[in-house]
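1. Starting from these lines, generate the structure:
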Amino acid sequence: MARTDRRHRTGPLRRRTLLLGSAAAALGAAGCTRVASGDALDRLRSQGVVRLGIAGEVPYGYVDEDGEFTGEAPELARAVFRRLGIERVQPVATDFASLIPGLNSQQFDVVAAGMYINKERCEQVIFSDPEYRMLDSFVVRKGNPRKLRSYEDVVRTGARLATGTGYAQLDYAVAAGYPEKDVVILQDQVAGLNAVESGRVDVFAATALTARLVVAKSGRAEATAPFAPVVDGRRKTDGGGFAFRPTDRALRDAFNAEIHRMKKSGELFRIMRRFGFTQAEMTTLTAEELCR
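-> From the prediction side, this is the model:
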């Protein structure tokens, strides 16, 4: 989900944005081992396995109906690490807020959760270039009776707005002028779809991919055209990538080189489209651009 950072917030963390220092400090205080020295890629090749931090979110990384870990990020990781001489991946499930602290305390070797890349996170970890870019979209009733196509439309019409727990769409709505106390927070996109279909709310805000997938079998709701939220006067496009420890730059660079080869050959998109991504969500953005 698209996420942004507001440092004064005391509520739930935005799932695809800044992981606050308090979470990192709590994990660090637990007495976890320091990062191992030496070349990480050589070490992982010797071990024959790489541990992936996954947060259990469809379609980024999750457990399927057969009890298997899958998702766009784990499947991409399998393909990339196989190219790098590491045949096995071992998913490690955690909550989203623990991904960066868990990475830096060696609970896993790489975050494979489609994590949004932003300036605050780039101060804690290093990222591959993004495998996708993402805009926002609304779940609305069929025909979009209130003509809601942006957060500004929601504010102007006084529409009843909902979004998911930890979604940055809350921040985007508030940035557009919607009163935070009036936003209905729901568990996930399925609850959002139900709320729209029942008339409890007029609109559920999510990423374009999330909205598109959740309405696929609905006869009473639809997803609006993707759009870029406006924050501080600028249109915002987010991108998700893999996170590595700052000490593992050589590993990140080797991983990044394979991601670029897969983009060029089309293999990256062939994997991504299995999880609902379209060509419109493929990107040439770099981590350096998103870290600014």
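2. so A113 sits right up against G61, yeah?
-> Yes: A113 lies in contact with G61 (CB atoms under 8 Å); the separation is 5.0 Å. The C-beta positions use only the backbone N, C-alpha and C, and glycine is treated the same way.
3. list residues touching both of these two?
-> Shared contacts of A113 and G61, defined by CB atoms under 8 Å, 6 or more residues apart in numbering, are found at 54-55, 73.
4. Which single one of those residues is nearest to D232?
-> A55 (27.6 Å; CB to CB).
5. I'd say that closest one and P91 touch.
-> No: between A55 and P91 there is no contact under CB under 8 Å: 10.4 Å.
6. anything in contact with each of the two?
-> What both A55 and P91 touch, as defined by CB under 8 Å, 6+ apart, is the set G61.
7. So which of the shared contacts of A113 and G61 are in strands?
-> Residues of the shared contacts of A113 and G61 located in strands (DSSP state E): I54.
8. Filter the shared contacts of A113 and G61 down to the buried ones and hand me the ChimeraX line.
-> To isolate the buried members of those in ChimeraX, using 16 or more other CB atoms under 10 Å:
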select :54,55,73
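9. May I see the shared contacts of A113 and G61 organised as JSON lines, with distance to V201 and pLDDT added?
-> Formatted as JSON lines, the shared contacts of A113 and G61 follow (distance: CB to CB, whole Å; pLDDT from 0 to 100):
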{"residue": "I54", "distance to V201": "30", "pLDDT": "93"}
{"residue": "A55", "distance to V201": "26", "pLDDT": "87"}
{"residue": "A73", "distance to V201": "30", "pLDDT": "97"}
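10. Identify, from the shared contacts of A113 and G61, the entry nearest to N194.
-> Nearest to N194 among the shared contacts of A113 and G61, counting by CB to CB, is A55 at 22.9 Å.
11. Contacts only, for A254.
-> Counting by CB under 8 Å, 6+ apart, A254 touches 41, 84.
12. same check, this time on A205
-> A205 neighbours (CB under 8 Å, 6+ apart): 136, 138, 151, 154, 161-163, 167, 169-170, 172-173.
13. what do you get for A175?
-> 4, 151, 229-232.
14. Need the max-distance pair from those residues.
-> Maximum distance among those (CB to CB): 13.3 Å, for Y151 and D232.
15. Which one's more surrounded, these two?
-> Counted by other CB atoms under 10 Å, Y151 and D232 do not tie: Y151 has more neighbours, with 25 against 6.
16. and the more buried one, what does it touch?
-> Going by CB under 8 Å, 6+ apart, Y151 touches 172-173, 175-176, 178, 205, 229-230.
17. now do K181
-> Counting by CB under 8 Å, 6+ apart, K181 makes contact with nothing.
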